[in-house]
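Novice: build me a model from this:
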Amino acid sequence: MFKQFLKKWSFLFIIIALDYIIALRTSIEFYNFFFLVLLSLSGVSVIWILLGYLFVEVDLERNFSYKIEEDDYLDIEVKIKNRSFLPLFNFVLEDHLACAQEGDRGRKAFLEYIRPRSSISVKYGCFCPLRGRYLIGPFKVYIFDPLGIFFLKKTRRAYSEIFVYPQTFNIRQFPALKKGAAPWFGIEASRASGDEHEFYGVREYRPKDPVKKIHWLSTARKNRLIVKQYQRHVFCRATLIFNLNQESNYGAGRHSLAEYTVKIAASVAKYLIEQGVSLEIIAHAQEMLHLPFNKGPEHLQNILRALTVAKAESGVSTLKIFQEFYRYIPPDSSLIVIMPDTDQKYLFSMLALKERNVSFIPLILLSSTFLYSASQKAIAQEAKFKFTGIPGLHPLFFSCRTDLAQAFL
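Specialist: Below is the predicted model:
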């Protein structure tokens, strides 16, 4: 903005100077009159800018959706309130969108006129290509005089925090999870023989209730049909483990192994939470991440936020993470591990959990597909052949630049 107006100011100064020189050397009154007009207009513009510096007060309020995923469009609405007695001419608002693509983060809104003590809203936005935590701002405000000769720049350090969550995909079918008995006041509740429901009480008969659930003693006593009522008393618990190791982060940018790991972890967590599964997260990124067993939208929100800021800066192995936490993995639960195929040697240690009736679900990333442009099909077949020699193992495989949802069909 300053460079653009520097040319305008230079041109204006040259015109005034030339007109003044001509007026001094000639007797033509027009040049004197023209010089005074230019000088008066410039003086009025300077005075207006000084008044703006002293008295103009502008309130800015930024509103947007705080939940957004990668590749989504972020809509921003800014409410501008002129609290001063002066009108604003050629008002320019500039904002910095850190979540936008590099080189396209500046946004400008131009308003020709804002009345005194009035409000107006402007809208703009951007696409958010990468997950992460970003700060939007600051605001830069440009106030001009009515003639547009001079301007006043003000910086408002108003920042807004936004989390761009990892992009998730739909999971249509997930491997069966192990079902365990729900604890009741710290005591493990017993399971009815072969049934997933516990007796809860009795109620009146409703159409389509099965005959086998009729409580005959209560029916005879109350002289109307009474059925037994049950409540589900077992539930699923799953532990999700992954490691964003710096050395094994093959690929680059959005097509790196770490980004695919985060995307799979976010999608699996979303699916399991929506299915009512109690989920635990154990991971290592720039530091150890542990989110204990919980369920519900709030738990999912915490998981997604943690995945949003996770970086591939881990210096430990997946086996070390597993060894540190394996004793806390509860029996009658499921262990889900997202790992590259280069960690195949750790699988036998994890399979030992089957002695505690823990089902093991490995989600394997084929690291070669992140390094070479070879045939994805050939690499997948070779990887499946290597894992077929491990009994009781049924892994799901993922390749670079493929539809990740296909693995869950």
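Novice: any idea how far the helix or strand hosting Glu298 is from the chain center?
Specialist: Element membership for Glu298, per DSSP states H and E: helix 297-309. For helix 297-309, the gap between its own C-alpha mean and the chain's C-alpha mean amounts to 9 Å (Cα atoms, centre = their mean, to the nearest Å).
Novice: likewise stretch 383-391?
Specialist: When C-alpha coordinates are averaged (Cα atoms, centre = their mean), stretch 383-391 and its chain have centres 36 Å apart.
Novice: pull the residues that contact that stretch.
Specialist: Contact with stretch 383-391 is made by Asp341, Gln344, Leu347, Phe348, Leu351, Ile364, Leu366, Leu393, Pro395, Phe397, as judged by Cβ atoms under 8 Å, 6 or more residues apart in numbering. All C-beta atoms are positioned from the backbone trio N, CA, C, and that covers glycine.
Novice: the third one: neighbour count?
Specialist: Spelled out, it's Leu347. Neighbour count of Leu347, defined by other Cβ atoms under 10 Å: 19.
Novice: and the residue lying closest to it once chain neighbours are set aside, how far from Thr369?
Specialist: Residue nearest to Leu347 in three dimensions, not counting chain neighbours: Ile390, with 6.1 Å by Cβ to Cβ, 6 or more residues apart in numbering. Separation of Ile390 from Thr369 (Cβ to Cβ, to the nearest Å) stands at 21 Å.
Novice: where in the stretch 251-400 of the chain is pLDDT low?
Specialist: Where the stretch 251-400 of the chain drops to pLDDT under 70, the residues are 373-376, 388-389.
Novice: next: the stretch 101-250 of the chain.
Specialist: Filtered on pLDDT under 70, the stretch 101-250 of the chain yields the residue ranges 181-200, 230-234.
Novice: where do the strands of it begin and end?
Specialist: For the stretch 101-250 of the chain, strands defined by DSSP state E, counting those that start in this stretch occupy the ranges 106-114, 118-128, 132-136, 139-144, 151-156, 160-165, 179-181, 183-184, 187-188, 197-204, 226-232, 234-243.
Novice: just name the most buried of the ones you listed.
Specialist: Mean neighbours per residue, mean count of other Cβ atoms under 10 Å, is largest over the strands of the stretch 101-250 of the chain for strand 234-243, with a mean of 22.
Novice: direction included, what does it pair up with?
Specialist: Applying DSSP bridges to the sheet, strand 234-243 is found paired with strand 179-181 (antiparallel), strand 278-284 (parallel), strand 334-340 (parallel).
Novice: what angle do it and helix 297-309 make?
Specialist: Counting by axes from the mean of the first three to the mean of the last three Cα atoms, to 10 degrees, strand 234-243 lies at 10 degrees to helix 297-309.
Novice: which is the succeeding secondary structure element to strand 234-243?
Specialist: Next along the chain after strand 234-243, taking DSSP H and E as the criterion, comes strand 251-252.
Novice: distance from the next helix or strand after the helix holding Glu298 to the middle of the chain?
Specialist: Beyond helix 297-309 in the direction of the C-terminus, DSSP H and E gives the next helix or strand as helix 318-325. What separates the centre of helix 318-325 from the centre of its chain is 27 Å, taken as Cα atoms, centre = their mean.
Novice: what packs against helix 318-325?
Specialist: Contacts defined by 3 or more Cβ pairs under 8 Å, 6 or more residues apart in numbering; DSSP states H and E place helix 318-325 against strand 234-243, strand 278-284, strand 334-340, helix 347-351.
Novice: what is the last one packed up against?
Specialist: Spelled out, it's helix 347-351. Counting by 3+ Cβ pairs under 8 Å, 6+ apart, the packing neighbours recorded for helix 347-351 are helix 318-325, strand 359-365.
Novice: for Met288, find the nearest of the strands of the stretch 101-250 of the chain.
Specialist: Among those, the nearest to Met288 by Cβ to Cβ is strand 234-243 (10.4 Å).
Novice: look at the nearest residue to Ile28 once chain neighbours are set aside and say how many residues are nearby.
Specialist: Nearest residue to Ile28, sequence neighbours excluded (Cβ to Cβ, 6+ apart): Ile22, at 7.9 Å. Using other Cβ under 10 Å, Ile22 has 15 other residues around it.
Novice: wasn't Ile22 part of a strand?
Specialist: No. Counting by DSSP: H, G, I helix; E, B strand; the rest coil, Ile22 is located in no strand; its state is helix.
Novice: that one and Tyr31 touch, don't they?
Specialist: Yes. Counting by Cβ atoms under 8 Å, Tyr31 is a contact partner of Ile22 at 4.8 Å.
Novice: beta-bridge partners for Lys154, please?
Specialist: Residues in beta-bridge contact with Lys154 (DSSP bridges): Val141.
Novice: then Ile76?
Specialist: Phe64, Tyr124.
Novice: so what's it up against?
Specialist: By Cβ under 8 Å, 6+ apart, the contact list for Ile76 reads Arg62, Asn63, Phe64, Asp95, Leu97, Arg107, Lys123, Tyr124, Gly125, Ile136.
Novice: quick one: pLDDT of it?
Specialist: Turning to Ile76, the model gives it a pLDDT of 96.
Novice: Ile390 and Thr369 - which one has more neighbours?
Specialist: Neighbour count, other Cβ under 10 Å: between Ile390 and Thr369, Thr369 has more, with 26 against 14.
Novice: isn't there a helix covering the more buried one?
Specialist: Yes. Under three-state DSSP, Thr369 sits within a helix.
Novice: distance check, it against Ser399.
Specialist: Distance from Thr369 to Ser399, by Cβ to Cβ: 4 Å.
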